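A.B. asks: here's a sequence, model it:
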Amino acid sequence: MATELQFLEYKDALLIRATKQPGLVNATASAVVAGGFVAIVVHAYVSAAAGVLPAAAVAAALGFVAGKLPRRSELRVTNLEYVSQTFGACGFRGARSIPRFDVRWLEYQDDASGPESDRPGGLYAVLKHRNVCILPYLSPEQTTEAIERIATRFPDFGGRRPGPSAFGSHVISLGLDSPNSKP
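C.D. replies: Alright, predicted model coming up:
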């Protein structure tokens with residue numbers, strides 16, 4: 001399903017909200033998994049076989065409803081930080097705060113979710129040693145729009161750390177990052 005994107009301007013911040021309405025396939029899969037799990041557990045631990053079907057039906061109905069609830073994420077951008085919050089089908093899932101100074105650039109990354117990884121597609125902050133999803137569920141076009149709005153709202157956003165080293169001229173550089181350096 002498509003994701004709805006909303007931009008809210010505040011005095012000192014830009015709030016970007018992404019709301020994703022799950023499709024019928026997700027809701028049906030949630031219902032099947034919930035009903036099947038409850039049927040197995042009830043059958044294994046309750047001696048009355050008559051209780052399996054009603055318990056599984058209730059669990060499947062609840063799984064379907066939970067699977068249809070919208071997923072929402074918010075990104076609050078200020079001069080100092082990016083604060084990302086994600087709200088899943090059953091409520092608050094987590095928050096993450098990243099100082100703007102640590103972010104090298106923002107980019108779109110494809111959905112890489114699978115059995116061993118939970119990396120949703122969307123807006124990612126590229127840090128020195130890792131990438132962090134700060135606004136999931138976005139398409140490449142929506143990600144580009146979000147980056148442009150951030151850059152418009154905060155003109156000093158250059159995508160890289162601004163200015164010279166915090167240590168001034170007291171750091172010895174080997175110059176290995178310059179294009180003219182030879183190995």
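A.B. asks: run through who's touching stretch 123-141.
C.D. replies: 2-3, 5, 16, 18, 20, 71, 73, 75, 82, 84, 86, 96, 98, 102-109, 119-122, 143, 146-147 (C-beta atoms under 8 Å, 6 or more residues apart in numbering). For the C-beta atoms, the positions are set from N, CA and C on the backbone; glycine is no exception.
A.B. asks: put the buried members of those residues into a ChimeraX selection.
C.D. replies: Buried subset of the contacts of stretch 123-141, written as a ChimeraX selection, criterion 16 or more other C-beta atoms under 10 Å:
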select :3,5,16,18,20,71,73,75,82,84,86,103,106,108,109,120,121,122,143,146,147
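A.B. asks: can you list which of the contacts of stretch 123-141 are found in strands?
C.D. replies: 3, 5, 16, 18, 20, 71, 73, 75, 82, 84, 86, 96, 98, 105-109, 122 (DSSP state E).
A.B. asks: now do stretch 128-141: distance from first to last residue.
C.D. replies: One end of stretch 128-141 to the other measures 25 Å (C-alpha to C-alpha, to the nearest Å).
A.B. asks: run the chain-centre distance for it.
C.D. replies: Relative to the centre of its chain, stretch 128-141 is centred 7 Å away, using C-alpha atoms, centre = their mean, to the nearest Å.
A.B. asks: no further questions, thank you.
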